[in-house]
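**Student:** build me a structure from this.
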Amino acid sequence: MRVSIKMFLRAIQRLPSDKSRITPGKWYRTQKEHWLGWLREYDGPGFYGRQAGKNRDAEFAYNHIIEPKMLLWLIAAAGVKPSLVAAARREAAHATTMPGKSAAIRKHVPWPILCAALFR
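**Tutor:** Reported below is the predicted structural model:
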């Protein structure tokens, strides 16, 4: 199932938020807010300097996040099986870089699993 960024945004908007935290140097207070802000500007360069006009889908976005906190919140909030979330969290803890942590999370919860949880 191809999921547009707009559909992905709507699905994330329906999820329960994580606890609000003030983090120096960060514009967001929750990982939900982080996702929503990141995706709202997805078709343009936004804060992250992305290439505009690429018409990427939600699967592409999910597979290119390098912030493990965003991924862990999303998979848990979406209702992915707790054993998979726990395995993803454990394996991510052993990686030494953010991209490595994110890859470990997606190894346990690839897009098809997240998509099924988000769009039940």
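
**Student:** hang on, isn't residue 32 packed against residue 69?
**Tutor:** No: using CB atoms under 8 Å, residue 32 is not in contact with residue 69; the gap is 11.1 Å. Heads up, the C-betas are built off the backbone N, CA and C, glycines and all.

**Student:** okay, those two: which has more neighbours?
**Tutor:** residue 32 (20 against 15; other CB atoms under 10 Å).

**Student:** grab the nearest non-local neighbour of the more buried one.
**Tutor:** Leaving aside its sequence neighbours, residue 32 sits nearest to residue 17 (CB to CB, 6 or more residues apart in numbering; 4.5 Å).

**Student:** residue 29 too?
**Tutor:** residue 20 (4.4 Å).

**Student:** so what's the residue count around the one you found?
**Tutor:** For residue 20, using other CB under 10 Å, the count is 10.

**Student:** sorry, back to before: residues touching the residue nearest to residue 32, list them.
**Tutor:** When contacts are counted by CB atoms under 8 Å, 6 or more residues apart in numbering, residue 17 touches 30, 32, 33.

**Student:** out of these, which comes closest to residue 58?
**Tutor:** residue 32 (15.6 Å; CB to CB).

**Student:** would you mind measuring from the closest one to residue 15?
**Tutor:** Distance, residue 32 to residue 15, by CB to CB, to the nearest Å: 6 Å.
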